[in-house]
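1. Quick check, what structure comes out for this input:
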Amino acid sequence: MKSKAVGLIWLSLIIMVDIGFTAKRAMQIDDLLNCHRLAEPQYSPDGQWIAFTVQTIDIEANKGQKTLWRIGPDGQNLQQIPTHSGNSWSPLWSPDSKSLAFLSDSGGQVQVWKLALDNNHVQQITDFYGGVESFCWSHNGQKIAFSARVYPDLTNFDEMKKRDTARQASLIKARVYEELMFRHWDEWWDYKRSHIFVLDLNNGSLTDVTPGDFDAPPIALGEGYCFSPDDQTIVFNSNHDPVIAISTNNDIWSVSIANPREPRLITTAQEYRDFRGNDYAPRFSPDGKYLSFLSMVRAGFEADKSDAFLYEMATGKFINLTEKNDIRIQAYEWFPDSRGLLLLIEERGRLTLNTLNIKSGQIKTLVKEGYNSAVTLAPNGRSCAFLQSRTTSPDELFVYSFTDNKIRQITDFNSPLRSQIEMNDVEDFEFKSSDGAMVHGFLITPPFFDAGEKYPAVFLVHGGPQSAWEDNWHYRWNPQLWSAQGYVIIMINPRGSIGYGQKFTDAISLDWGGQVFDDLVVGQKYVIDHFKFIDADKLAAAGASYGGYMMNWMEGHMEAFSYPFKTLVNHDGSFNLYAMYLTTEELWFPEWEYGGVFWENRDQYEKFSCDNYIINFKTPMLIIHGEKDYRLDPSQGIMAFTALRRLNIPAKLVLFPDEGHFVLRPQNSRFWHQTIFSWLEKYLR
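-> Predicted coordinates:
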């Protein structure tokens, strides 16, 4: 009997090998790069199709390729939409569902194109000098609105081209500025502004509906523009304050297409709200009775709570739908019957799908798990499609049915890759911090985990700082790829994180190295004391942006930890807050976070500037910075490196001349990961 059982086992093994059974393996760097990246799902107005974008990465060519796809809401008839050899993205259906407009860089510049679905004929719609940034359809399908960058003092496109040509040909390459916001993210200002244009598809007439020396949509903090229900007006958001670098005052405006010289400010000051904060994402209700938008109450604060507002068109009355709800709205859509909104809400490390009844104010959660984004509603209101990812799965397309309250996955682009990789789900944990508040975090164990073994651990600190670690698939800081190196990954959402109430988010402002640091110190001790498989002698920490700042802060305050880190990884972190203030571009950020300009609030800057604690430095650090990072100037990384090496502390400086705040190019990403993992291996093995 025993020999028969053994024989059956061997037979089973032979069969598994014969049918191509492959044992799972740990995730590799190129696995992350080879994922299919889904984006921008859009229901067709007839409800028959969902169009979306898929990006794939060619590592050797060092670039991505974006293509358009469509699928039935039932998951049938998946097909790539034929366009051309260029990148294609931002699919938007025509109101009659007979064609699909999209953006494409075929021909060199980004323009709007249109695909006729009956014969697959592709037609270029715009031929705008300099290219197009975004677009939308009118309700009757006779017009499109699009945004593009132009010289605000020129109205003739031949003159714009002449000016650009002269600048390019000139041997003088000096940049000359007299105002702030002269560079942004990773680009120097080109003296142009974003304007919104309306193109009549019948006669070809083109109208700049936002002429003037301002950006519409604005340069940051959320945009939006749309046609009014009668297609005679464009509603948009824009910041008209005199110094944009210190202002978050994006307002909602309307302008007549026939008379664009007289825009009307909608978000005018009210007795109960001055609308000096960030107002964005304007949309009309399908019945035309309301204009909706998201609004932050506090001027200068980019991470304030976003309330869902209605503007009643007939009366001019404002209605705050979420005034009493301590929630973090990321995005929203109208239901076709105009009775409610579909909300995406950040909640405890997840992005949840919810409904909001505009009459009762009741919020109901539909999908609580995972990270649910880019929602699009069926025209009959009976279902919605959205992207969902988790730490164990890249985005795929899902459909939620309001009829039976069931969720169904309808694409599976990444299953061949996922089927090969061993990954463990995130584990939630919570602990009491030094002030008694509860703090939440995630833990991920390495593949092929054995609870009886001891593992090194890496603590990741998120950027923002008003952000959060979430149960999602990340293409830069992917915790599964880090855990695949044999590490337990710890991700704590300390004070300043979003999704835990606005008070929790607010607590980091004016206190960058205070309670938030206590949360991390207490959290580290809790995790190591409660998860016995973590080797307390083999610990590292890593972070980017604010997380990079925290690496510098930890460097000067390592004595606070019960279990000191062996090494730190600092990506694009701030080091000297005086210099950070004087070299960053969005000045509203440091002025809010540190209580004003540094020459009027020196104590705050002094207290939390990491260079003041150089005397305590002793931990080896890997420092990475993009040379085109204008949010946190590369000099910040160079300062940290110089201080460490002058103290004879092991350090490595990696500078990317072709990257900004984020490492985006495929081969740079591969090198970034290789460098970090090699550094960690040196100190944790």
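2. list the buried ones in the longest helix along the chain?
-> Counting residues, the longest helix in the chain under DSSP state H turns out to be helix 666-684. Within helix 666-684, the residues scored as buried using 16 or more other C-beta atoms under 10 Å are 666, 669, 670, 672, 673, 676, 677, 679, 680, 683, 684. Heads up, the C-betas are built off the backbone N, CA and C, glycines and all.
3. From what I see, the second one and residue 33 are in contact.
-> The one in question is residue 669. Yes. Between residue 669 and residue 33 there is a contact at 6.5 Å, judged by C-beta atoms under 8 Å.
4. before we move on, the earlier item: just the buried residues of helix 666-684 now: which is nearest residue 554?
-> Set against residue 554, the nearest of the buried residues of helix 666-684 by C-beta to C-beta is residue 683 (14.5 Å).
5. what helix or strand is residue 639 on?
-> helix 635-646 (DSSP states H and E).
6. for that helix, packing partners?
-> helix 546-556, helix 577-583, strand 621-626, strand 651-656 (3 or more C-beta pairs under 8 Å, 6 or more residues apart in numbering; DSSP states H and E).
7. what does the average pLDDT come to for that helix?
-> Per-residue pLDDT over helix 635-646 has a mean of 98.
8. ok, back up a step: where's the longest helix of the chain relative to the chain centroid, distance-wise?
-> 23 Å (C-alpha atoms, centre = their mean, to the nearest Å).
9. Which strands and helices lie in contact with that helix?
-> helix 29-33, strand 455-461, strand 534-544, strand 567-571, strand 621-626, strand 651-656.
10. could you give the angle of that helix to strand 651-656?
-> 170 degrees (axes from the mean of the first three to the mean of the last three C-alpha atoms, to 10 degrees).
11. Averaged pLDDT, helix 666-684. What do you get?
-> 98.
12. As JSON lines, the helices and strands packed on helix 666-684 with mean pLDDT, distance to residue 388 and mean neighbour count would be great.
-> Listed next are the helices and strands packed on helix 666-684 as JSON lines, based on pLDDT from 0 to 100; distance: least, C-beta to C-beta, whole Å; neighbours: other C-beta atoms under 10 Å:
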{"stretch": "helix 29-33", "mean pLDDT": "97", "distance to residue 388": "18", "mean neighbour count": "18"}
{"stretch": "strand 455-461", "mean pLDDT": "98", "distance to residue 388": "22", "mean neighbour count": "24"}
{"stretch": "strand 534-544", "mean pLDDT": "98", "distance to residue 388": "25", "mean neighbour count": "22"}
{"stretch": "strand 567-571", "mean pLDDT": "98", "distance to residue 388": "27", "mean neighbour count": "27"}
{"stretch": "strand 621-626", "mean pLDDT": "98", "distance to residue 388": "30", "mean neighbour count": "26"}
{"stretch": "strand 651-656", "mean pLDDT": "98", "distance to residue 388": "32", "mean neighbour count": "18"}
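13. Can you check which of these gets nearest to residue 99?
-> Nearest to residue 99, of the helices and strands packed on helix 666-684 and by C-beta to C-beta, is helix 29-33 at 33.6 Å.
14. So which elements touch the next helix or strand after that closest one?
-> On the C-terminal side of helix 29-33, the closest following helix or strand by DSSP H and E is strand 37-43. Strand 37-43 is packed against strand 50-58, strand 88-93, strand 371-377, strand 383-390, strand 393-401, with contacts defined by 3+ C-beta pairs under 8 Å, 6+ apart.
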